[in-house]
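Colleague: Structure here, sequence nowhere to be found:
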């Protein structure tokens, strides 16, 4: 089964990291990616730009409305994701617990609907 694993953290905390802290954090993500790829569960993933770079699109009464900035004002923001193929939810949760962001944010694991 495929799972979208979403990483939520306080992006303001990440911008306040010292260079050596940021380097260590990125090394942790790289190690996770390599381990998951070697295990055959990694389908992909990416880091997202900050919410200040986001644009929200809504269509109301046939009119397209756009708003700069995040969808919602929250304590934690979606900062990245991984797409994993795991045998079951327990395996996906095990991988999610290895993501560095789980130590200072939260990881949402959501099954993907199969098209079949």
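Modeller: Received it, and whenever you're ready, just let me know what you need. Keep in mind the model is a prediction, meaning the values are calculated, not measured.
Colleague: Report back the residue of the chain that's furthest from centre.
Modeller: Most distant from the centre of the chain: residue 61, at 32.2 Å, with distances by Cα atoms, centre = their mean.
Colleague: Now do that residue, the pLDDT please.
Modeller: Here the pLDDT value assigned to residue 61 is 97.
Colleague: One more: residue 15?
Modeller: Per the predicted model, pLDDT is 70 at residue 15.
Colleague: For it, which non-adjacent residue is closest in space?
Modeller: In space, not counting the residues next to it along the chain, residue 15 is nearest to residue 50; the distance is 7.7 Å by Cβ to Cβ, 6 or more residues apart in numbering. To be clear about C-beta, it is placed using only N, CA and C from the backbone, and glycine gets the same treatment.
Colleague: you'd agree that neighbour is up against residue 11?
Modeller: Yes: between residue 50 and residue 11 a contact is recorded at 5.3 Å, counting by Cβ atoms under 8 Å.
Colleague: Give me the more crowded residue out of these two.
Modeller: residue 11 (19 against 14; other Cβ atoms under 10 Å).
Colleague: quick one: contacts for the more buried one?
Modeller: By Cβ atoms under 8 Å, 6 or more residues apart in numbering, the contact list for residue 11 reads 50, 51, 77, 79.
Colleague: could I get those residues as JSON lines with pLDDT?
Modeller: Below are the contacts of residue 11 laid out as JSON lines (pLDDT from 0 to 100):
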{"residue": "50", "pLDDT": "90"}
{"residue": "51", "pLDDT": "89"}
{"residue": "77", "pLDDT": "90"}
{"residue": "79", "pLDDT": "93"}
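Colleague: any idea how far the residue nearest to residue 15 lies from residue 70?
Modeller: Per Cβ to Cβ, to the nearest Å, residue 50 is found 9 Å from residue 70.
Colleague: Quick check: neighbours shared by residue 50 and residue 11?
Modeller: Here residue 50 and residue 11 share the contacting residues residue 77, scored by Cβ under 8 Å, 6+ apart.
Colleague: For residue 36, grab the count of nearby residues.
Modeller: A total of 21 residues lie near residue 36 under the criterion other Cβ under 10 Å.
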